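please work out how this folds:
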Amino acid sequence: MNQTLNRADYEVVVVDGGSADKTVDIAKEYADEVITQHSDGVGGARNDGVEVSSGEIVAMTDADTILPAKWLERIWNDFREEGVVAVYGPIIPIESRFKYRFLIGLFNKLVLVSAHLGIFHATIGSNTAIRRDVFLRIGGYSEMSAGDDYEIARRLRHEGAIRYDPRLYVWFSMRRMEKFGFIRALYIWAMNVIASKRGRRARISYTGQSYGYGYNGDGNGNGSSSRR
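So this is what the prediction gives:
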């Protein structure tokens, strides 16, 4: 709600992955739409959100991410460049621990160089925006358990220009890294990126948990999911 764009110029869609607290009740006070995830995987949650959205551009982020006030305004300006189908930017750790600021700083530099050289686009899911028509045309995110947000870039490259904006940053929580281990998470990320680069389907998960609801044949969800 702190964006510099007029509130009437954008919509907020919250996809709830089966939370058991007051997430939905609180979200309904602010969001234009709050839905329950029905597709599998983290990418499936994003796909569900895009499905009910109506904007020309869809911007993805996570529940544990803090967005600067000019986030949407900067995204809108980036898309004014002709031929751009996707925009993404760096992440800054919310936690002040030196090792995270150092390692994420290196990661951001690697992403910047990789983008400028056209080697690889790290379109991280917490800070990426895509033209809605292009997103739907390529089938959205895959159901990979991790790395789906990087895999989609491989398909987006065939649709137009992907722009990396170093000023389009978000504050990103390292809580999952702290819980499951930075080295483990980095290894899983790397394996999934390598798989996506080779056009293969990676199934290695950060947490070993599932996201979203399974189906029992009558369209009703059965079972719960972890929250993202």
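
name the element the closest residue to Ile138 other than its chain neighbours belongs to?
Closest residue in space to Ile138, ignoring its immediate chain neighbours: Arg155 at 4.7 Å, by C-beta to C-beta, 6 or more residues apart in numbering. For glycine as for every other residue, the C-beta is placed from the backbone atoms N, C-alpha and C. Counting by DSSP states H and E, the element that carries Arg155 is helix 148-156.

just the CA trace of that helix, in PDB.
What follows is helix 148-156, C-alpha atoms only, in PDB (Å, rounded to 0.1, in the frame of the first residue of the first chain):
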ATOM      1  CA  ASP A 148      11.000 -22.300 -11.300                       C
ATOM      2  CA  ASP A 149      11.600 -18.600 -11.200                       C
ATOM      3  CA  TYR A 150      14.900 -19.000 -13.100                       C
ATOM      4  CA  GLU A 151      13.600 -21.600 -15.500                       C
ATOM      5  CA  ILE A 152      11.000 -19.300 -16.900                       C
ATOM      6  CA  ALA A 153      13.600 -16.900 -18.100                       C
ATOM      7  CA  ARG A 154      14.800 -19.600 -20.600                       C
ATOM      8  CA  ARG A 155      11.400 -19.500 -22.300                       C
ATOM      9  CA  LEU A 156      10.900 -15.700 -22.000                       C
END
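
point out the other helices and strands that it packs with.
helix 41-52, strand 84-88, strand 128-131, helix 182-197 (3 or more C-beta pairs under 8 Å, 6 or more residues apart in numbering; DSSP states H and E).

least reliable of these going by mean pLDDT?
Among these, helix 182-197 carries the lowest mean pLDDT, at a mean of 65.

where in this protein is pLDDT low?
Low-confidence segments of the chain (pLDDT under 70): 144-147, 177-183, 185-186, 188-228.

now the strands for it?
Counting by DSSP state E, the segments of the chain that form strands are 13-16, 33-36, 57-60, 65-66, 84-88, 91-93, 128-131, 161-164, 170-172, 214-215, 221-222.

distance of Glu95 from Leu168?
Relative to Leu168, Glu95 is positioned 21 Å away (C-beta to C-beta, to the nearest Å).

quick one, which of the two is more surrounded?
Higher neighbour count among Glu95 and Leu168: Leu168, with 21 against 15, using other C-beta atoms under 10 Å.

quick one: contacts for the nearest residue to that one once chain neighbours are set aside?
Closest residue in space to Leu168, ignoring its immediate chain neighbours: Gly89 at 3.0 Å, by C-beta to C-beta, 6+ apart. Contacts here follow C-beta atoms under 8 Å, 6 or more residues apart in numbering; on that basis Gly89 touches 127, 164-170.

which helix in this protein runs the most residues?
helix 98-117 (DSSP state H).

that one packs against which elements?
Counting by 3+ C-beta pairs under 8 Å, 6+ apart, helix 98-117 packs on strand 91-93, strand 161-164, helix 182-197.

now the end-to-end length of stretch 112-127.
Distance across stretch 112-127, first residue to last, is 14 Å (C-alpha to C-alpha, to the nearest Å).
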